[in-house]
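>>> Give me a model of this one.
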Amino acid sequence: MKKTCLSVVGIFLTFFASYAQSPPKDSSTYKSRKLTFEEANLVSSYYSQDGNNAAVTGGIGSQKLSDISNTIDLKFIKYDKKERKHSFDLEVGIDHYTSASSDKIDLYANSSASHADTRIFPSVSWSVENEKKGSTFGAGLSSSTEFDYQSFGANISFAQKTRNRSGEFSAKAQAYIDKVSLIYPTELRSGGGREDNDYATTSRNSYSGSLSYSQIINQRLQLMFIADLIYQSGYLSLPFHRVYFNGATSPVIEKLPDTRMKIPLGFRANYFLGDKIILRSFYRYYHDDWGLSAHTLEFEAPVKINPFLSVTPFYRYYQQGAVDYFAPYKIHTAADQYYTSNYDLSKFNSNFYGAGFRIVPPKGVFGIQRLNMLELRYGHYTRTNGLKSDIVSMNLKFK
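Okay, here's the model as predicted:
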């Protein structure tokens with residue numbers, strides 16, 4: 001994985017160097033009709049977790065996992081003859097994880113091929129903004145590939161500002177067409193074979209629509225209302241999640257309904273407390289037809305220490321109830337129609353808190369003028385069922 005990380009950073013720095021030879025243009029007086037580079041972002045993160053409720057082993061066992069992720073995001077713009085702004089966004093991400101629970105797909109191996117995997121997820125998007133009319137139309141394509149899962153996505157979006165430009169309505173539709181490889185626990189495979197890599201696949205599709213409206217109330221207060229509708233169909237279980245019935249010694253495979261309807265509703269408020277502090281808040285209510293209801297409450301407060309340095313403490317509280325089909329290890333019975341011991345679908349509360357540090361030096365980060373922003377963030381996550389995790393991330397912005 002170290003080689004992968006260095007390769008990603010190397011690609012970014014090569015691209016970075018190719019643009020660092022000439023000074024940036026003054027975009028305030030010039031609108032290029034040629035495709036021009038606007039900015040690039042390199043985001044790297046390290047995530048680590050531990051717990052004792054692994055779904056792979058029926059709701060018990062280690063949830064230890066680590067993940068290293070790198071994403072490069074490139075943005076380009078051009079103006080057409082009608083002075084409309086076209087934006088192009090190309091993103092490529094690579095992450096690699098190791099998981100103690102996934103390793104237990106084969107209970108009899110000291111270490112199996114499933115203990116680690118690498119995911120590659122490129123995406124491309126385009127939008128055209130008519131600044132005179134205040135309207136924006138966009139579309140995008142995405143893909144995600146790993147050993148047992150492949151996803152293809154597409155989206156379209158539209159946004160319209162009000163006449164006085166103080167409000168904006170936006171709508172977005174997305175679709176994901178996915179394939180899941182049916183990798184069963186080794187003891188439940190036909191013939192008990194461990195080396196069979198010719199796995200059958202099945203479909204899982206997701207469709208979503210999102211509506212939002214943002215409004216500038218005054219110079220200090222901005223509000224946004226968000227409503228989503230998400231529908232999933234196909235194989236919504238995971239084939240390597242074991243469930244142990246009460247009194248049984250052998251497991252069965254997790255079984256969940258083949259459709260799911262989700263309805264999240266959100267509200268966001270930003271308040272500018274003077275020139276140096278912004279108070280940001282977010283609330284979301286979630287409900288689905290599996291019986292899960294949840295509440296999310298987030299706060300963050302960017303504080304500008306000086307014109308070039310800001311600190312952002314943040315906190316998120318989350319509470320959810322269990323789906324109708326969840327039960328812990330050896331509580332389900334054979335009479336149940338659906339069953340899972342995945343603690344992500346159980347009842348729990350969680351807390352996530354940390355801080356970010358952002359520097360924007362006038363002469364560039366490390367004296368490199370085009371490398372104009374460096375941000376570091378750290379967060380610690382805890383759940384009432386014992387899961388704990390930590391994440392640290394770095395974002396470099398190049399303009």
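>>> and L376, what does it touch?
356-357, 392-395 (C-beta atoms under 8 Å, 6 or more residues apart in numbering). From N, CA and C alone the C-beta is placed, and that goes for glycine too.
>>> ah, wrong one, I meant Y338
So, once contact is read as C-beta under 8 Å, 6+ apart, Y338 ends up touching 255-257, 324-325.
>>> what's the farthest-apart pair in the residues you listed?
Largest separation among the contacts of Y338 by C-beta to C-beta: K255 and D324, giving 12.8 Å.
>>> more neighbours, those two?
More neighbours surround K255 than the other of K255 and D324, with 17 against 13 (other C-beta atoms under 10 Å).
>>> Just name the closest of the contacts of Y338 to S123, please.
Distances from S123 to the contacts of Y338, taken by C-beta to C-beta, are shortest for L256, at 28.0 Å.
>>> residue contacts, the closest one?
Here L256 is in contact with 236-237, 290, 325, 338, 340 (C-beta under 8 Å, 6+ apart).
>>> quick one: the helices in this structure?
Secondary structure of the chain (DSSP state H): helices at 2-19.
>>> Confidence-wise, which helix or strand of it is lowest on average?
helix 2-19 (a mean of 50; mean pLDDT, DSSP states H and E).
>>> Where neighbours are concerned, which of the contacts of L256 has the most?
Neighbour-wise, the contacts of L256 (other C-beta under 10 Å) top out at T340, 25 neighbours.
>>> Please report how far that residue lies from R242.
10 Å (C-beta to C-beta, to the nearest Å).
>>> Same question for L273.
Applying C-beta to C-beta, the value for L273 to R242 is 51 Å.
>>> Tell me which of the two has more neighbours.
R242 (26 against 11).
>>> Am I right that the more buried one is in contact with P185?
Yes - assessed by C-beta atoms under 8 Å, R242 is found in contact with P185 at 5.8 Å.
>>> Need the overlap of contacts for these two.
In contact with both R242 and P185: 56, 251, 253, using C-beta under 8 Å, 6+ apart.
>>> who are the neighbours in contact with the second one?
Put plainly, it is P251. P251 neighbours (C-beta under 8 Å, 6+ apart): 58, 185, 187-188, 242-244.
>>> N164: how many residues sit nearby?
N164: 8 surrounding residues under other C-beta under 10 Å.
>>> which regions of the protein lie under the pLDDT threshold?
Applying pLDDT under 70 to the chain flags residues 1-30, 32, 109-114, 191-197.
>>> Is it correct that P313 is in contact with A301?
Yes - P313 is within contact range of A301, at 5.9 Å (criterion: C-beta under 8 Å).
>>> what about these two, which has more around it?
The neighbour comparison of P313 against A301 (other C-beta under 10 Å) goes to A301, with 17 against 13.
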